[in-house]
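1. could you work out the structure for the sequence below:
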Amino acid sequence: MSAPTITVEQGIRAAGVGPFQYRLFIIFGLVWMADAMQVLSIGFSAPSIAATFGVTMPEALRTGTMFFIGMLIGAFVFGRLADRIGRRPVLLAAVLIDAIAGVASAFAPDLQWLLVLRFLTGLGVGGTLPVDYTMLAEFLPSSKRGRWLVLMETFWAVGTIVLAVLALAAATMGDDAWRVIFFVTGIPALIGVVLRFYIPESPMYLAKSGRTEEARSVLERVARRNGSSTPIAALAPEKMERRSVLDLFSPEMRRRSLCLFAAWMLVSIAYYGLFVYLPIRMASEGFGFMRGQVFLILLALVQLPGYALSAYGVDRWGRKPTLVGFLLLAAVGSLIYGLGDSAGVIAGASLLLSFALLGTWGALYAFTPEVYPTPLRASGMGTAGAMARFGGLFAPSLIAPIMASHFTLSLAVISAILLAAALAVWLVDVESRGRQLE
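-> You can find the predicted model right below:
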């Protein structure tokens, strides 16, 4: 009789959750923190870029546009590559581009070079998104996966706080402030490059690629690091499977893909409308504190309980109910701005939105990689990330003109967008709480 075999999910449970996953969490989180700093640095760096190169603010803000275009392309391309050639090589390539181009941006001799380097930085940042979350998901048992994936998002809040402090310090540097910001924001990614060499390939990816002995070896390494004495039995052979990116829209997965990608795009439009264009409008009405670094730190701090509730909710209530609840709360928060013009109302609505929208993002990042099979998981995450970047690029043409001329209408539009995102999530045809990865 042949020896009994186990699935990769059973092997992950046998290897346990401990120091190996904690280390993985910190390594991925470090780069996620750097990515947050890169994304949010656009507004803080633009004035000094304009002063350095003698250009207008709209021209300086092109660095942000190029960065988002890079993120859009990077998320899709690197996500697809991770499903084709493996998580680990793509993981290293994305963060290498992120780190090198990010630090090099600080030394750009002219605006054209800076635009190229910000595009490349965005390419790397966009590429880290699908691979990091896909890989972390594939090292965790189904009972722990949701809360861990949500809590990874807390590094975004940490990056926000670090950037706000950095922007305050860099303000004393005059026209060179942007150089300081870009240099420092690239350092965590550089550290991440070194640390990621110690991360093995995903056992889930190895097993699904027919390399079951390599997958078992990785699981044994995880077990040793976690101090688990449970032996890892031989893994059941898996059939090698190649899937086209078009399979994301096969009859089996069309509904979940269309609904999820719509939700990512809609949440992104609302997010950038509320956290980029709304503060500009409020500052012009006398609420300048909304664009200050101190208030940004406060917004980041209130995100932490949002992530905590989201991490609790995805396992207690399920992914979809948690997402819908946070989106409805965000829709209400958007409308609160129209209830009064006092600083207390404006600050309270902003804090509520920061709590609700970042809780939403945490649950989205947890939900999305769980609904796709291994050959399409990173592709699904990458496409979702690309849709979010598309939403960010589309937000200026949709939200900014309405907000400039019809403030109350813009709040209603943003609330409607959030309600549409809640409906899209509700229509996803699978709930992934407790679901084993395929």
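2. where does the chain have its least confident helix or strand?
-> The weakest-scoring helix or strand in the chain, judged by mean pLDDT, DSSP states H and E, is helix 278-284 (a mean of 72).
3. now the helix or strand following it: buried residues?
-> Per DSSP states H and E, the first helix or strand lying C-terminal to helix 278-284 is helix 293-316. Buried residues in helix 293-316, counted by 16 or more other CB atoms under 10 Å: 293, 295-300, 302-303, 306-311, 313-315. Every C-beta, even on glycine, is put in place using the N, C-alpha and C of the backbone.
4. packing partners for the next helix-or-strand element following helix 293-316?
-> Following helix 293-316 in sequence order, the next helix or strand is helix 319-336 (DSSP H and E). For helix 319-336, the elements it packs on are helix 254-272, helix 293-316, helix 343-367, helix 407-426, judged by 3 or more CB pairs under 8 Å, 6 or more residues apart in numbering; DSSP states H and E.
5. could you dump those into CSV with mean pLDDT and distance to Leu166 added?
-> Output for the helices and strands packed on helix 319-336, formatted as CSV (pLDDT from 0 to 100; distance: least, CB to CB, whole Å):
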stretch, mean pLDDT, distance to Leu166
helix 254-272, 94, 21
helix 293-316, 89, 9
helix 343-367, 90, 19
helix 407-426, 92, 29
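6. in TSV: those helices, plus distance to Val103.
-> Putting the helices and strands packed on helix 319-336 into TSV (distance: least, CB to CB, whole Å) gives the following:
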stretch	distance to Val103
helix 254-272	26
helix 293-316	23
helix 343-367	26
helix 407-426	36
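7. for Glu438, which of those helices is the nearest?
-> Closest approach to Glu438 among the helices and strands packed on helix 319-336 (CB to CB): helix 254-272, 12.9 Å.
8. and that closest one, which residues are buried?
-> Buried residues in helix 254-272, counted by 16+ other CB under 10 Å: 256-257, 259-272.
9. just the closest of the residues you listed to Tyr198, please.
-> Distances from Tyr198 to the buried residues of helix 254-272, taken by CB to CB, are shortest for Trp264, at 31.1 Å.
10. contact partners for the closest one?
-> With contacts defined as CB atoms under 8 Å, 6 or more residues apart in numbering, Trp264 is in contact with 364, 368, 384-385, 387-388, 391.
11. repeat the analysis, applying 7 Å as the threshold.
-> Counting by CB atoms under 7 Å, 6 or more residues apart in numbering, Trp264 makes contact with 364, 384, 387-388.
12. can I get the buried part of the residues you listed as one ChimeraX selection?
-> Paste this into ChimeraX to select the buried members of these, with burial taken from 16+ other CB under 10 Å:
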select :364,384,387,388
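13. which of the contacts of Trp264 lies closest to Arg80?
-> Relative to Arg80, and with distances defined as CB to CB, the nearest of the contacts of Trp264 is Ala384, at 12.5 Å.
14. next one: the closest one from Ala75, what distance?
-> 8 Å (CB to CB, to the nearest Å).
15. any idea how far Phe390 is from Ala270?
-> 14 Å.
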